[in-house]
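[1] kindly generate the corresponding structure for this input.
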Amino acid sequence: KADLKVMIDKTNSTPILVRLAWHDSGTFNKDIPISEWPKCGGANASIRFEPEINHGANAGLTAALNLLKPIKEKYPNISWSDVMQMASATGIELCGGPTIDMIYGRVDATSAEQCAPEGNLPGAAGPFEDGSPNPQSHLRKVFYRMGFDDRGIVALSGAHTLGRAYPDRSGFGKEQTKYTDGTSIARADGKPGIGKKGGSSWTEKWLKFDNSYFAAVPDNDEDLLKLETDSSLYLDEAMLPIALEYKQDQDLFFKDYAVAHKKLSELGAKFEPAEGIKI
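    Below you'll find the predicted structure:
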């Protein structure tokens, strides 16, 4: 964890590391019993294999794997899935977010034959491959499949306070904005540095984990990214009150986010020992 902190601080890589961990665990299907692991998907590091790493939703994530390879090589007894999930949670903390009550001991998928099928991750805008008529229906179809409710969906959406979208990866956002051109301070600690320049961020300080996403979504700032799935939180009768709660109460957001992040990090995971390892 100490080595991860040094690497993340040097590279400003929390957003892509969070995305890597989420896209690995976010393939989970609660309707497939864990006894059929790893067919159920989830946090098993299958994302490191082709064809999964080449799925459209995973564009750019090879860079995240490359950041973690030296650490995995230094600690060969730690599973890839544990390294991914530890990097994500550690990055959240370094960016000023909540401490997440993580457990470790995940077992890794071992071959490309164990990769999750494409299409399990949430899309950003319609038309949606699953046939959902609107963004909120799509979010529910994806996250309900994992076992989350509306509060979990909104809490996890709040992680878009971090990071950027790039047109050459997701097809969304601008090549560069005033918040991503290197002239603004994005880090929670006020230090300079953003890593690679460019892309569109959801928030002004996109290397700081806070509740600013919930204020930025309904804002009219054209330099901030708003995907259809983001805007849907403010259009849905059930999700809107939750988004407003988090906009007004960062402590509540942090509390609910930490619970949702922990749950996501454990989806579909097979632990050895079965109860996991706390550090």
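
[2] which residues does the nearest residue to Gly147 once chain neighbours are set aside contact?
    Nearest residue to Gly147 in three dimensions, chain neighbours excluded: Lys30, at 4.6 Å (CB to CB, 6 or more residues apart in numbering). (C-beta placed from N, C-alpha, C; glycine too.) Going by CB atoms under 8 Å, 6 or more residues apart in numbering, Lys30 touches 40, 145-147.

[3] now Gly147
    By CB under 8 Å, 6+ apart, Gly147 lies in contact with 28, 30, 263, 267.

[4] distance to Val217 for these - can I get that in a markdown table?
    Listed next are the contacts of Gly147 as a markdown table, based on distance: CB to CB, whole Å:
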| residue | distance to Val217 |
| --- | --- |
| Phe28 | 26 |
| Lys30 | 28 |
| Lys263 | 23 |
| Leu267 | 26 |
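
[5] tell me, which helix in the chain spans the most residues?
    Ranked by residue count and defined by DSSP state H, the top helix of the chain is helix 250-266.

[6] helices or strands up against that one?
    helix 14-25, helix 80-94, helix 150-157, helix 239-248 (3 or more CB pairs under 8 Å, 6 or more residues apart in numbering; DSSP states H and E).

[7] which residues touch the longest one?
    Meaning helix 80-94. Contact with helix 80-94 is made by 1, 4-5, 8-9, 13-15, 17-18, 20-22, 24-25, 43-45, 47-48, 68, 71-72, 75, 98-100, 102, 104-108, 159, 188, 209, 261, 265, 269, as judged by CB under 8 Å, 6+ apart.

[8] angle of that helix against helix 14-25?
    140 degrees (axes from the mean of the first three to the mean of the last three CA atoms, to 10 degrees).

[9] also the last one?
    Orientation note: helix 239-248 sits at an angle of 150 degrees relative to helix 14-25 (the same axes, to 10 degrees).

[10] buried residues, helix 239-248. List them.
    By neighbour count on 16 or more other CB atoms under 10 Å, the buried set for helix 239-248 is 239, 242-243, 245-247.

[11] how distant is it from the center of its chain?
    20 Å (CA atoms, centre = their mean, to the nearest Å).

[12] so for it, mean pLDDT?
    Per-residue pLDDT over helix 239-248 has a mean of 98.

[13] other SSEs contacting it?
    Packing contacts for helix 239-248, counted by 3+ CB pairs under 8 Å, 6+ apart, involve helix 150-157, helix 213-216, helix 250-266.

[14] other residues contacting the shortest one?
    Translated: helix 213-216. 157-161, 202-204, 224, 226, 243-244, 246-247, 253.

[15] restricted to buried residues, select these in PyMOL.
    A single PyMOL command selects the buried members of the contacts of helix 213-216 (16+ other CB under 10 Å):
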select buried, resi 157+158+159+160+161+202+203+204+224+226+243+246+247+253
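
[16] which of the contacts of helix 213-216 lies closest to Ser79?
    Each of the contacts of helix 213-216 was checked against Ser79 using CB to CB; the closest is Ala159, at 23.2 Å.

[17] greatest separation within the contacts of helix 213-216: which pair is it?
    Farthest apart among the contacts of helix 213-216 by CB to CB are Glu204 and Leu244. That separation is 20.1 Å.

[18] show me the shaky parts of this structure.
    Applying pLDDT under 70 to the chain flags no residue at all.

[19] how about the strands of it, start to end?
    Along the chain, counting by DSSP state E, strands occupy 164-165, 200-201.
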